[in-house]
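Asker: Give the three-dimensional model of this entry:
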Amino acid sequence: MSVGAAQGKPAPRRRWARIAGAIAVLLLLLVLALRVALQPEHVTGLVLGQLGKALGLEITANGPGEYRLGGSPVLVVRNVVAREPGAETPILRAERVLLSLPWSTIRTRGAELTITRVELDAPVLDVPALLHWLATRPPSETRIPTLSDGLYVTRGRIDNGGWHIDGIAATLPELHPGQPVNAQVRGRYLDPPTSIPFDLSLALSKPANGAGAAIVGPITIDRGTWRMPARIHLSGPVLLGDDDLRVQPARLKMSARYQSGDTDLPFALGLSGPLHFDNATWTLAPVGVALRGQDTVPNFDARGALALGRRLVLRLDGRLPNWPDKWPALPVPIGQSTSALPFALDYVGKPDLSDIAGLRLQRDETRFDGRLRLYDMLAWIDAPANASPLPPLSGHFTSPRLEISGAQLEGVEVTLEDPAVQNHALQDPALAEDVVR
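Answerer: Numbers count the residues shown, from 1 in each chain. Down below sits the predicted model:
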């Protein structure tokens, strides 16, 4: 018997067997621990907790999650809610979020900001909650991620108090810093009774503030009593502020048809000027306007201001090159003149142009200054010959000379009063100043 054995020490073979057994037990315990730690609920909880901590948000997901490891790890979470701590309204909710990241992004802990793919199913974004959270964020450098396999949104929605956009489907095939961006987005803007479905292609010269942008595609403005299908082309450099958007200068081209009952009026519209979107209102001031129409839609060029939100504001000074042939004939000598017709149009009211507008119109020494409803005037223009000879408007008309039914009239002054217009005041001009300022 050896000395080592006599002293109770294990033989070398038995000692290595015990070490191997201990390592096996430790490996088994490690595998069990990893299996528990890598359960989807543990992974999603860890990832969302770290993300929420970085963004100052509470991010939870109470649906079944899953992950896949491979060429690009994929994490899927369901019933996601992101909110400011203690806030009642979430900033974002989503039925399902898929995030695929390359191993390089994971190894560098986001220092290399590359994402393979992002999918959002039924996301709901609350704009007031988003703006409140953004106001609390410290200033930081904007980093543009790389999306190699794109961003895909289905059944999305944006809420902003009185208006919202639903049915959002967006596709961004790829995104790379410094490279052109192309995307497709469709949905429906709703601010009852206004509904505007759209299907637009978006292009950016690069993903950066001040980049050149173009938006092209069909939209339809539907107000129930009338609708206006159109195709738009909007272009210009885009500047994103803290809670507003500017395109300066903006150029908008639109070919459209105004449809109401049996009325179908095609026209083309061009707008140019600084475009500003803030507080759910689009403003162009100053703006250049060019309208080209057919039938009863006139041709004119004008300058002024335009704003569209809960109210429509039009403040235009322009010139009609001629009196449209489809309009009722003007009396001699006004109708024989070839002079252009300077005009000024002021409107503050409902976006469907159903409120009262102010109009000043001149040809040579003949002038009119009054008020009218656009749709009543259009109906009068389209009325049969035996309808009322007087237009549905209120105002003051002056002319140095008129010829009516062979009679020569000198120093003509006429006051027209239509009860449907006379008993309704124009909107306060100060409202227009507040909107377009």
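
Asker: tell me the contacts of Leu151?
Answerer: For Leu151, the contact set (Cβ atoms under 8 Å, 6 or more residues apart in numbering) comprises Arg117, Val118, Glu119, Leu120, Ala170, Thr171, Leu172, Leu175. C-beta coordinates here come from the backbone N, C-alpha and C atoms, glycine included.

Asker: So which of the residues you listed are in strands?
Answerer: Using DSSP state E to define strands, the subset of the contacts of Leu151 located there is Arg117, Val118, Glu119, Leu120, Ala170, Thr171, Leu172.

Asker: Of those, which is the nearest to Ile196?
Answerer: Checking those against Ile196 by Cβ to Cβ gives Ala170 as the nearest, at 16.5 Å.

Asker: In the ones in strands among the contacts of Leu151, find the pair that's most separated.
Answerer: Arg117 and Ala170 (13.8 Å).

Asker: I'd like to know which of the contacts of Leu151 is nearest to Gly270.
Answerer: For those, the nearest to Gly270 is Ala170 (28.1 Å; Cβ to Cβ).

Asker: Quickly list what's touching both of Arg117 and Ala170.
Answerer: Common neighbours of Arg117 and Ala170 (Cβ under 8 Å, 6+ apart) are Leu151, Tyr152.

Asker: hey, where'd the helices end up in the stretch 101-250 of the chain?
Answerer: 103-107, 127-136 (DSSP state H, counting those that start in this stretch).

Asker: any chance of those in CSV, with mean neighbour count and distance to Pro400 too?
Answerer: Listed next are the helices of the stretch 101-250 of the chain as CSV, based on neighbours: other Cβ atoms under 10 Å; distance: least, Cβ to Cβ, whole Å:
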stretch, mean neighbour count, distance to Pro400
helix 103-107, 13, 80
helix 127-136, 14, 57
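
Asker: right, and those - which one's nearest Ala211?
Answerer: Among these, helix 127-136 sits nearest to Ala211 (Cβ to Cβ), with 20.5 Å.

Asker: Which strands or helices does that closest one pack on?
Answerer: strand 151-160 (3 or more Cβ pairs under 8 Å, 6 or more residues apart in numbering; DSSP states H and E).

Asker: Could you pull up the mean pLDDT of the strand it packs on?
Answerer: Mean pLDDT, strand 151-160: 94.

Asker: Could you give the separation of it from the chain centroid?
Answerer: Computed by Cα atoms, centre = their mean, to the nearest Å, the chain-centroid distance of strand 151-160 equals 12 Å.

Asker: quick check: angle from that strand to strand 117-121?
Answerer: 40 degrees (axes from the mean of the first three to the mean of the last three Cα atoms, to 10 degrees).

Asker: Output strand 151-160 as PDB, nothing but the C-alphas.
Answerer: The C-alpha coordinates for strand 151-160 follow below in PDB (Å, rounded to 0.1, in the frame of the first residue of the first chain):
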ATOM      1  CA  LEU A 151     -39.500  48.800 -41.800                       C
ATOM      2  CA  TYR A 152     -43.100  47.500 -42.300                       C
ATOM      3  CA  VAL A 153     -46.200  48.900 -40.700                       C
ATOM      4  CA  THR A 154     -49.700  47.300 -41.000                       C
ATOM      5  CA  ARG A 155     -53.100  48.600 -39.600                       C
ATOM      6  CA  GLY A 156     -51.500  51.600 -38.000                       C
ATOM      7  CA  ARG A 157     -53.200  54.600 -36.400                       C
ATOM      8  CA  ILE A 158     -52.200  58.100 -35.300                       C
ATOM      9  CA  ASP A 159     -54.400  60.000 -32.800                       C
ATOM     10  CA  ASN A 160     -54.200  63.700 -32.200                       C
END
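
Asker: For burial, what's the neighbour tally of Pro207?
Answerer: 18 (other Cβ atoms under 10 Å).

Asker: now do Ile91
Answerer: 24.

Asker: which residues touch Arg367?
Answerer: So Arg367 contacts Arg360, Leu361, Phe397, Thr398, Ser399 (Cβ under 8 Å, 6+ apart).

Asker: Quick one: classify it as helix, strand or coil.
Answerer: strand (DSSP: H, G, I helix; E, B strand; the rest coil).

Asker: Could you measure from it over to Gly358?
Answerer: 14 Å (Cβ to Cβ, to the nearest Å).

Asker: Check Arg373 too.
Answerer: 12 Å.

Asker: related to what we said a few turns ago, using a markdown table, please lay out the ones in strands among the contacts of Leu151 together with pLDDT and distance to Ser100.
Answerer: Shown next, in a markdown table, are these (pLDDT from 0 to 100; distance: Cβ to Cβ, whole Å):
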| residue | pLDDT | distance to Ser100 |
| --- | --- | --- |
| Arg117 | 90 | 4 |
| Val118 | 90 | 8 |
| Glu119 | 93 | 9 |
| Leu120 | 93 | 13 |
| Ala170 | 96 | 17 |
| Thr171 | 97 | 16 |
| Leu172 | 95 | 14 |
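
Asker: hang on, the earlier thing: TSV for the contacts of Leu151, including distance to Ala379 and neighbour count?
Answerer: Output for those, formatted as TSV (distance: Cβ to Cβ, whole Å; neighbours: other Cβ atoms under 10 Å):
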residue	distance to Ala379	neighbour count
Arg117	55	17
Val118	52	19
Glu119	51	18
Leu120	48	22
Ala170	41	18
Thr171	44	14
Leu172	46	18
Leu175	51	20
